[in-house]
Structures are given as C-alpha cells and as structure tokens.
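**Student:** Sequence and predicted model, in that order:
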Amino acid sequence: MLAISIEHSLYDAYSRDQAKYKVQFRHLFPNIKDVKNLDFFRGIFFGYYPPERLAVMPFTDMASTAVKQEREKEKTKNLELITQDG
C-alpha cells in the first residue's frame, strides 16, 4: 500500500530525529490532501514521486503550480526592488 510505503520512507529518513520527522510529515500530508494540488497527488499516485523522494522532498517542491507561480512572481518582484534600491 502506498501510504505505508511513504510512512516507512519517512521513518527510514528521520528515525533518529523526531522533530524533522514531524516537520516533514506536517508538510507532506496536507499537500497530498489539498484538492487544489491535484498534480502533486497524481504524481504520487502514478509513481512520479516515489516514497523515498517524498520523505526528503522540500515543501516548496510539494506546492501546487499556482502557489509556485505566485512565489516566483514575489521573488522576481523582490529582486527588482532590491536592484532598484541598490
């Protein structure tokens, strides 16, 4: 079962550090359940993101396409502001 494989991978990656395990768990499962993030769910379901990768994946990579685009816009805007001030 996929959920068990993900749990085992999380445990394998963070068995010595409960705090990091909790952080990764708290990033991963809300993103899996997010109805606005179907691309991420499908990627997991169809094997694009194997459990071993999910266990160590940065939360920024789990975000929906819309959220990633918004973050990129903000980043570009902030860089423009910095270069204008400099």
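**Tutor:** Received, thanks. Residues are numbered from 1 along each chain as shown.
**Student:** Skipping adjacent residues, who's closest to V56 in space?
**Tutor:** Closest residue in space to V56, ignoring its immediate chain neighbours: A13 at 5.5 Å, by C-beta to C-beta, 6 or more residues apart in numbering. Backbone N, C-alpha and C define where each C-beta goes, glycine included.
**Student:** For whichever strand or helix holds that neighbour, buried residues please.
**Tutor:** According to DSSP states H and E, A13 maps onto helix 2-14. Buried positions in helix 2-14, judged by neighbour count with 16 or more other C-beta atoms under 10 Å: I6, S9, L10, A13, Y14.
**Student:** Same list (the residues you listed) but as JSON lines, adding distance to K20 and pLDDT.
**Tutor:** Formatted as JSON lines, those follow (distance: C-beta to C-beta, whole Å; pLDDT from 0 to 100):
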{"residue": "I6", "distance to K20": "16", "pLDDT": "95"}
{"residue": "S9", "distance to K20": "13", "pLDDT": "96"}
{"residue": "L10", "distance to K20": "10", "pLDDT": "96"}
{"residue": "A13", "distance to K20": "8", "pLDDT": "96"}
{"residue": "Y14", "distance to K20": "5", "pLDDT": "96"}
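**Student:** Could you export those to a markdown table, including columns for distance to N37?
**Tutor:** Formatted as a markdown table, those follow (distance: C-beta to C-beta, whole Å):
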| residue | distance to N37 |
| --- | --- |
| I6 | 16 |
| S9 | 20 |
| L10 | 19 |
| A13 | 22 |
| Y14 | 23 |
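**Student:** between the residues you listed, which is closest to T65?
**Tutor:** Comparing those against T65 with C-beta to C-beta places I6 closest, at 21.7 Å.
**Student:** Check the spacing between the closest one and I82 real quick.
**Tutor:** Counting by C-beta to C-beta, to the nearest Å, the gap from I6 to I82 is 39 Å.
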